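Engineer: sequence-free structure coming up:
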């Protein structure tokens, strides 16, 4: 029996669902529940027609329930509600494959079962619609076979018509009729997860507690506004005592929440690496001056080299304020990379590092470069 295009689209949707589910199981295994918020976009990309919703997946699984007894409870899926809008697809333990190289689900078998169940449902539904519209078919709905020994049994016409593969039933082509058929198809049920059932009372208790706090805060603010309208010193004093007693804890909560909101709106503080870089840039001019003197005292050559260890020791003995080894190395690296890359260079060979000074490429406007890098208040 040829199916309408809408039902063929449903078969393609189910095939896309199996393909996406097989890929998910191949990457994540079958023991972990599949979140439909992750699976639905994958099914939609394989299908390529429209967005796949929860109702589409429930429809695909619900059609399988029609022929559930036929395939012997194999590869049975169920939908579980984990709360917070999280609906997951789970596979029964008896349906999971134990071998490493075994296929997680048999797509061809499941697709065949789905197609047969959908075609059988469509054929039964179509025949029932024809019986409702045709009075002749209603009168001929039951026939009495040839009398034999025993009590005669009434045989419905649907048993002979549907069991005969040569029976030609004209299927309706009206889109509204097909929509009615799809709407009456069974949907898979969504069961509440066992862990959610245990946590639900705690969540409900917390929700009620939060609602009580909000109601108390609203009541306190209302009382506070009413107290401002009351005239007279005695009434004002009494209202202040009442408001203070009822809103004492709530005012503290409001202040804490306001402080948290203020901290969240402030920009993030600089990280430790940013602080170290800024401190090294502040001393870049002083270190460069010492480096120039050391290069001039070593000779008149255009390029002069120092080992990093010897240069750090010379810097620690020459600068005005104490400088640590790490800060000196960081300062030399910034000179070579950002401040004066043509004047100072680094040569690394394994764990050894040398500093090369090209005296012919001394920067003319060092302070301008430092200001561009974010250094402020240069003397």
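Structural biologist: On my side now, so go ahead. Every value quoted in this text rests on a predicted model; they were computed, and no experiment measured them.
Engineer: Which helix or strand contains residue 223?
Structural biologist: Per DSSP states H and E: residue 223 is located in helix 194-229.
Engineer: in that helix, what's buried?
Structural biologist: For helix 194-229, the neighbour count (16 or more other C-beta atoms under 10 Å) marks 196, 217, 220, 224 as buried. C-beta here means a position set from N, CA and C on the backbone, and glycine is covered the same way.
Engineer: now, among the residues you listed, which is nearest to residue 130?
Structural biologist: residue 196 (45.8 Å; C-beta to C-beta).
Engineer: tell me what the helix holding residue 223 is packed against?
Structural biologist: Using 3 or more C-beta pairs under 8 Å, 6 or more residues apart in numbering; DSSP states H and E, the elements in contact with helix 194-229 are helix 233-265.
Engineer: Give the rounded mean pLDDT of the helix it packs on.
Structural biologist: In this model, helix 233-265 has a mean pLDDT of 69.
Engineer: Could you look up the next helix or strand downstream of that helix?
Structural biologist: Proceeding N to C from helix 233-265, the next assigned helix or strand is helix 272-282, under DSSP H and E.
Engineer: by contact count, what packs against that next one?
Structural biologist: When contacts are defined as 3+ C-beta pairs under 8 Å, 6+ apart, helix 272-282 packs onto helix 325-334.
Engineer: buried sites along the next helix or strand after the helix it packs on?
Structural biologist: Remark: after helix 325-334, the chain's next helix or strand is strand 344-349, criterion DSSP H and E. Neighbour counts over strand 344-349 (16+ other C-beta under 10 Å) mark 344, 345 as buried.
Engineer: Need the residues that contact the helix or strand following strand 344-349.
Structural biologist: Going down the chain from strand 344-349, the next helix or strand is strand 352-358, by DSSP H and E. Residues from elsewhere that reach strand 352-358, judged by C-beta atoms under 8 Å, 6 or more residues apart in numbering: 291-292, 295, 302-308, 311, 332, 336, 342-348.
Engineer: cool, stretch 318-337 as well?
Structural biologist: By C-beta under 8 Å, 6+ apart, stretch 318-337 touches 276-277, 279-281, 283-284, 286-288, 290-291, 293-294, 308, 311-312, 315-316, 343-346, 355.
Engineer: got it, and stretch 361-377?
Structural biologist: 278, 281-282, 284-285, 288, 292, 338-340, 342-343, 378.
Engineer: Mind putting those into JSON lines with neighbour count?
Structural biologist: What follows is the contacts of stretch 361-377, written out as JSON lines (neighbours: other C-beta atoms under 10 Å):
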{"residue": "278", "neighbour count": "14"}
{"residue": "281", "neighbour count": "21"}
{"residue": "282", "neighbour count": "15"}
{"residue": "284", "neighbour count": "22"}
{"residue": "285", "neighbour count": "17"}
{"residue": "288", "neighbour count": "22"}
{"residue": "292", "neighbour count": "15"}
{"residue": "338", "neighbour count": "15"}
{"residue": "339", "neighbour count": "23"}
{"residue": "340", "neighbour count": "21"}
{"residue": "342", "neighbour count": "11"}
{"residue": "343", "neighbour count": "21"}
{"residue": "378", "neighbour count": "11"}
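Engineer: on that earlier part again, and the contacts of stretch 318-337, which are buried?
Structural biologist: Listed as buried from the contacts of stretch 318-337 are 277, 280-281, 283-284, 286-288, 290-291, 294, 308, 311-312, 315, 343-345, 355; burial here means 16+ other C-beta under 10 Å.
Engineer: what's the spacing between residue 44 and residue 305?
Structural biologist: For residue 44, the distance to residue 305 equals 63 Å [C-beta to C-beta, to the nearest Å].
Engineer: neighbour count winner among the two?
Structural biologist: residue 44 (18 against 14; other C-beta atoms under 10 Å).
Engineer: Tell me which other helices or strands the helix or strand hosting that one touches.
Structural biologist: Here residue 44 sits within helix 36-47, counting by DSSP H and E. Secondary-structure packing of helix 36-47 (3+ C-beta pairs under 8 Å, 6+ apart): helix 5-28, helix 54-66, strand 87-91.
Engineer: how about that helix: buried residues?
Structural biologist: Using 16+ other C-beta under 10 Å as the test for burial, helix 36-47 gives 36, 39, 40, 42, 43, 44, 46, 47.
Engineer: quick revisit: looking at the contacts of stretch 361-377, which gets the smallest pLDDT?
Structural biologist: Least confident of these in the model: residue 378, at 52.
Engineer: rewinding a little: show me what the mean pLDDT comes to for the helix holding residue 223.
Structural biologist: The model assigns helix 194-229 a mean pLDDT of 77.
Engineer: that older thread, please tabulate the helices and strands packed on helix 36-47 in TSV, including the columns mean neighbour count and mean pLDDT.
Structural biologist: TSV is the format used below for the helices and strands packed on helix 36-47 (neighbours: other C-beta atoms under 10 Å; pLDDT from 0 to 100):
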stretch	mean neighbour count	mean pLDDT
helix 5-28	17	91
helix 54-66	19	85
strand 87-91	19	88
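Engineer: show me what contacts the spatially closest residue to residue 60 that is not a sequence neighbour?
Structural biologist: Leaving aside its chain neighbours, residue 60 sits nearest to residue 14 (4.7 Å; criterion: C-beta to C-beta, 6 or more residues apart in numbering). Residue 14 makes contacts with 60, 63, 111, 114, as judged by C-beta under 8 Å, 6+ apart.
Engineer: pretty sure the third one contacts residue 16?
Structural biologist: No - with contact defined as C-beta atoms under 8 Å, residue 111 does not reach residue 16; the gap is 10.6 Å.
Engineer: Which strand or helix spans residue 132?
Structural biologist: Using DSSP H and E, residue 132 falls in helix 107-133.
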